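Participant: Predicted coordinates and the sequence they were generated for:
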Amino acid sequence: MEAGWHGCRMNWGQGYSEWNRRIHPAGENVLKSTPGSNLDDAKSRSGIIGKGGEVVHSNQDPIIQAHRAQIAELDLRVLEALNARIGLVRRLKEHKEAQGISFFDAAQEDRLLAALRQANRGPLPDEGLDAIFRLILAWTRRAASGEAQAD
């Protein structure tokens, strides 16, 4: 037995569903676990406790399925935009090389990030925006230079 939230005593392997039902009757599962933990295993067996006390697995919930489908569509659009960006940057690189201009322009990347931060209305914080776009810029440079190839 381990002490859980709210001073409850429970056996993670067997009492999780009942404990979750008592603590979170509205169906919200707020516990955090680490991969491979007993809690992680108990959650995968029990699912999320629904408003009526029934176990609802996320792959059965139509609202979760609908949100996941919308997210998957957005992910495909992001991927398409990233690949289109790489194509444009390749053409820009070829043109700049033909003109004798250096491919990498740190000042342009700084201007881009500043413009994106100004346009950002959230919920993505500027720190996240910078991290994501610095990664996009780095991988775009690698792909445009032929250093990275898709499998």
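Facilitator: In hand now; what should we look at?
Participant: In terms of secondary structure, what does the longest helix along the chain contact?
Facilitator: Secondary structure of the chain per DSSP state H: the longest helix is helix 62-98. If contacts are counted by 3 or more Cβ pairs under 8 Å, 6 or more residues apart in numbering; DSSP states H and E, helix 62-98 sits against helix 126-144. For every residue, glycine as well, the C-beta is placed using N, CA and C.
Participant: Run through who's touching the helix it packs on.
Facilitator: By Cβ atoms under 8 Å, 6 or more residues apart in numbering, the surrounding residues in contact with helix 126-144 are 82, 85-86, 89-90, 92-93, 103-104, 109, 112-113, 116-117, 120, 124, 148-149.
Participant: Narrow those residues to those that are buried.
Facilitator: Using 16 or more other Cβ atoms under 10 Å as the burial test, these include Arg85, Ile86, Val89, Lys93, Leu113 as buried.
Participant: pLDDT for the residues you listed - can I get that in TSV?
Facilitator: Shown next, in TSV, are those (pLDDT from 0 to 100):
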residue	pLDDT
Arg85	97
Ile86	96
Val89	96
Lys93	96
Leu113	97
